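> Sequence isn't available, so here's the structure alone:
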């Protein structure tokens, strides 16, 4: 019961406390505006380069938009604890660690879902992209799985942020990297094999692929393998992230390395 | 049974220096500290910066593992029974950090209420009580980034008391507060012992320890050099007297000459604006003033005064030993 | 610094692959220059805003504003310096393109190219100063400046010609330094006459400077009235 509240209520409060762009206006510009312009930018680049149609870029970038929250917001929500000097008081509580840690992902995932929806809407309004209403629920399911998986990677970066000072640099690199290797803007088969391999080991890649198929009319049954892989990759990152968090916590007690305040 | 027990507690920090040829250096912050605090007691750890006070607190609240020795809080080992200890202790670190700046004071407290598992229906009442106790009622909905130091410190205390802990650790709670804020805070702390809490407090303000603590341990370079009630500590150096002599410009050799006078325990020089004050601690029942003044012949001497030793004198004497 | 190099490299790589897949190999140098300019714009944008933000965190913004020299004069070297960090991104994308994608680095007018670079840096640097002035007052301005990365890339035609975009974008593009900067670099590389565009860069720099002076004076006064200098 207490753990459930730490997960739910604690997760929401900590999100408000640690996520930088919480002011509504800043939030709207950063979280919604950047994915929107990114989508337009790549759609036009695609048109000019003569590669694929608008739908390719709309789906790719709208699904990748989940990384805006899943990577940045998640990284900050864990790593900013160090910045505010609040890690010591939090770690000195008896709260269930798994609930404490994973609770922070919940608002991030919901937020990512909303961001993606706005990006899809922008694609419908501004670009040559259409989506029959009947396909929306299945697409939402795909985006939910993908957002969760991306957040798993965000948790890992957040954990690292407890130890590494410039973790936002890593977040930037991963965020921009996903634009290249996850099939978001560049079709995977164009990439050299080793970059394809990197892409397949990251979240998003399988989710983007599934989203394109669902948007193109395929049912969820046709993409269940892709979704299972995506979910598995996300879970693996989240697990490693939690293990790392625990290691840092225990090591912090032993070596006084948590910069406790 | 004592509420807090530390036995031969040691803590070493390993630091590395040098970029190319990395050398590891072991710094012994705490070197075998033993003490016990009884229920309802307010126990003070007094010492200069770097004496190991904060390290001891961090070990006792489970944020650091001891390198050697053991410690128990309410009978629970701080290494093995981590959750049991965390449930029952609260702590407050001095300073401005450690709060969620972008949240209101109220939300800061609500978050820790969740982390400490305070039941939902008790949270409202509990938080209201605490805000009242630390005098933040009416300001709780403002964001912490706009709080003064004193308000932050009081919010820290409210946070530390959130789960009604039996034992509270306060690390330099009045650090950086203005005199009025510090006095209010000391009243709050004194009120806590009346409510039956056991408190362990660190400070380097002598008068604070003197006014608040039932017993004091004086720490110097990781060791306890003296322990007892404030009165007992004063008596340890006391029985003697303190003579303060104002002088204008005095050389080190003159001070050494004063130290050689029979019956003089220590001589310290304090700069007081244009004047220097010689603080001379002497044995009881010895009249050293004529000998002192004789050795100061040829220098300009200002006021000469006598007083009883304070805890500060005891402290300086102990730490210098 | 690393981001200002890595980010354009990633974008350049995306563009190289897309151009390759679309069968447009002959314009890879066009892409490389565009991606380099993208990096220079990002460096300016985040550098000038980040500068003020960093002073806020360090609590030195108040000291700088209160110092006798006008804050505009104090800030200008910083923003031009951050824009010149963009030179790394131009160099890095060219080198990256040469090494990994075989982009031919043949410039028709190498000396004019070397003239166009500092003119572009200067124009972007003074534009950065305009942003810095808003940061003095709006402590959340970084949320907006983050937002300006993609639109300016689009509107200044660094990768996609402005003529492909909706009609209202073209007049906007004339007011943007990167528009003229990237045109000057491309003219110098492919054999046009970059001098008018270099002139446009310098004219824009003067216009930006005037704008920054007015904005800084106003925002400084507002910041003092609303006490936002010391907030982080």
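Good, I have the coordinates. Source: prediction; values computed, not measured.

> tell me which element the residue most central in space within chain C is part of?
The central residue of chain C, meaning the one whose C-alpha is nearest the mean C-alpha position (Cα atoms, centre = their mean), is residue C:41 at 2.5 Å. Using DSSP states H and E, residue C:41 falls within helix C:28-57.

> circling back: identify the spatial nearest neighbour of the residue nearest to the centre of chain C, chain neighbours not counted.
With Cβ to Cβ, 6 or more residues apart in numbering or on different chains as the criterion, residue C:41 has its nearest non-adjacent residue at 5.2 Å, and that residue is residue C:178. Where you see a C-beta, it was placed from the backbone N, CA and C, and this is true even at glycine.

> who does the host helix or strand of that neighbour touch, helix- and strand-wise?
Here residue C:178 is covered by helix C:177-190, with elements defined by DSSP H and E. In terms of contacts (3 or more Cβ pairs under 8 Å, 6 or more residues apart in numbering or on different chains; DSSP states H and E), helix C:177-190 is packed against helix C:28-57, helix C:110-137, helix C:149-155, helix C:195-226.

> hmm, 7 Å instead?
With contacts defined as 3 or more Cβ pairs under 7 Å, 6 or more residues apart in numbering or on different chains; DSSP states H and E, the secondary structure elements packing on helix C:177-190 are helix C:28-57, helix C:110-137, helix C:195-226.

> residue ranges with poor pLDDT in chain C?
Low-confidence regions of chain C, defined by pLDDT under 70, span residues C:1-4, C:24-26, C:57-59, C:68-69, C:137, C:139-143, C:226-232.

> related to what we said a few turns ago, roughly how far is the helix holding residue C:178 from the heart of the chain?
Between the centre of helix C:177-190 and the centre of its host chain there is 13 Å, according to Cα atoms, centre = their mean, to the nearest Å.

> could you check the angle helix C:195-226 makes with it?
Using axes from the mean of the first three to the mean of the last three Cα atoms, to 10 degrees, one finds that helix C:177-190 and helix C:195-226 are set 160 degrees apart in direction.

> list the contacts for the residue in the stretch 101-250 of chain A that chain B sits nearest to?
As assessed by Cβ to the nearest Cβ, chain B sits closest to residue A:250 within the stretch 101-250 of chain A, at 8.6 Å. If you count contacts by Cβ atoms under 7 Å, 6 or more residues apart in numbering or on different chains, residue A:250 has none.

> Local confidence estimate at it?
On the pLDDT scale, residue A:250 is placed at 85.

> And for residue C:202, nearest residue in space, chain neighbours not counted?
Sequence neighbours aside, residue C:119 is the residue nearest to residue C:202 in space, at 6.0 Å (criterion: Cβ to Cβ, 6+ apart).

> Hmm, residue C:198 and the one you found touching each other?
Yes. Between residue C:119 and residue C:198 there is a contact under Cβ atoms under 7 Å: 4.6 Å.

> Overlap in contacts, those two.
For the pair residue C:119 and residue C:198, residues contacting each of them under the criterion Cβ under 7 Å, 6+ apart are residue C:184.

> Pass me the low-pLDDT residue ranges in the stretch 1-150 of chain A, would you?
Applying pLDDT under 70 to the stretch 1-150 of chain A flags residues A:1, A:19-26.

> what separates stretch A:130-139 from the chain centre, distance-wise?
Counting by Cα atoms, centre = their mean, stretch A:130-139 comes out at 22 Å from the chain centroid.

> Could you verify my assumption that the residue nearest to residue C:41 touches residue C:155?
No. The criterion here is Cβ under 7 Å, and residue C:178 misses it with residue C:155 at 8.7 Å.

> ok, these two, which is more surrounded?
For residue C:178 versus residue C:155, neighbours defined as other Cβ atoms under 10 Å in any protein chain shown are more numerous around residue C:178 (26 against 23).

> Distance check, the more buried one against residue C:86.
Relative to residue C:86, residue C:178 is positioned 10 Å away (criterion: Cβ to Cβ, to the nearest Å).

> list the residues that contact both of these two?
Counting by Cβ under 7 Å, 6+ apart, the shared contacts of residue C:178 and residue C:86 are residue C:124.

> Enumerate the residues of the stretch 101-250 of chain A near chain C.
Contact residues, the stretch 101-250 of chain A versus chain C (Cβ under 7 Å from any Cβ of the partner chain): A:169, A:172, A:173, A:176, A:177, A:179, A:180, A:185, A:186, A:187, A:190, A:191.

> now chain B, which segments are flagged as low pLDDT?
Going by pLDDT under 70, which is the cut-off in play, chain B has low-confidence ranges at B:16-22, B:237-239, B:319-321.

> tell me which element the residue of the stretch 101-250 of chain A closest to chain B is part of?
Here residue A:250 is covered by helix A:224-255, with elements defined by DSSP H and E.

> That helix: which residues count as buried?
Buried positions in helix A:224-255, judged by neighbour count with 16 or more other Cβ atoms under 10 Å in any protein chain shown: A:226-227, A:229-231, A:233-234, A:236-238, A:241-242, A:244-245, A:248, A:252-253.

> Equivalent analysis for stretch C:101-114, please.
Using 16+ other Cβ under 10 Å as the test for burial, stretch C:101-114 gives C:101, C:103, C:107, C:109, C:112, C:113.

> contact partners of that stretch?
With contacts defined as Cβ under 7 Å, 6+ apart, stretch C:101-114 is touched by C:16, C:28-29, C:32, C:94, C:97-98, C:185, C:188-191, C:194.

> Stretch B:65-81 now?
Under the criterion Cβ under 7 Å, 6+ apart, residues A:253-254, B:1, B:3-12, B:32, B:59-60, B:62, B:84-85, B:88-89, B:166-167 lie in contact with stretch B:65-81.

> at 6 Å instead, please
A:253-254, B:3-12, B:59-60, B:62, B:84-85, B:88-89, B:167 (Cβ atoms under 6 Å, 6 or more residues apart in numbering or on different chains).

> and the end-to-end length of it?
The first and final residues of stretch B:65-81 sit 12 Å from each other (Cα to Cα, to the nearest Å).

> Could you do stretch B:141-155 as well?
End-to-end distance of stretch B:141-155 (Cα to Cα): 12 Å.

> And for stretch B:268-288?
In terms of Cα to Cα, the two terminal residues of stretch B:268-288 are separated by 16 Å.

> How far off centre is that stretch?
Between the mean C-alpha location of stretch B:268-288 and the chain-wide mean there is a distance of 26 Å, by Cα atoms, centre = their mean.

> Buried residues in it, which are they?
So for stretch B:268-288, counting by 16+ other Cβ under 10 Å, buried means B:276, B:277, B:278, B:279, B:280, B:281, B:282, B:288.

> now swap in stretch B:192-199 and tell me
Residues of stretch B:192-199 classed as buried: B:192, B:193, B:197, B:198, B:199 (neighbour count, 16+ other Cβ under 10 Å).

> For the first one, give me its contacts.
Meaning residue B:192. With Cβ under 6 Å, 6+ apart as the criterion, no residue contacts residue B:192.

> I'd like to know how far it sits from residue B:135.
14 Å.

> Most widely separated two among the buried residues of stretch B:192-199?
B:192 and B:198 (9.4 Å; Cβ to Cβ).

> can you give me phi and psi for the closest residue to residue B:95 other than its chain neighbours?
Across the structure, with Cβ to Cβ, 6+ apart as the measure, the residue nearest residue B:95 apart from its sequence neighbours is residue B:175 (6.2 Å). The phi and psi values for residue B:175, taken as degrees, to the nearest 10, are phi -60, psi 120.

> So which residues on chain B come close to chain A?
For chain B, the residues in contact with chain A under the definition Cβ under 6 Å from any Cβ of the partner chain are B:13, B:61, B:63-65, B:83, B:86-87, B:93, B:97-98, B:100, B:102-103, B:107, B:111, B:114-117.

> mind listing which of these are in helices?
Counted as lying in helices by DSSP state H, out of the residues of chain B next to chain A, are B:83, B:86, B:87, B:107, B:111, B:114, B:115.
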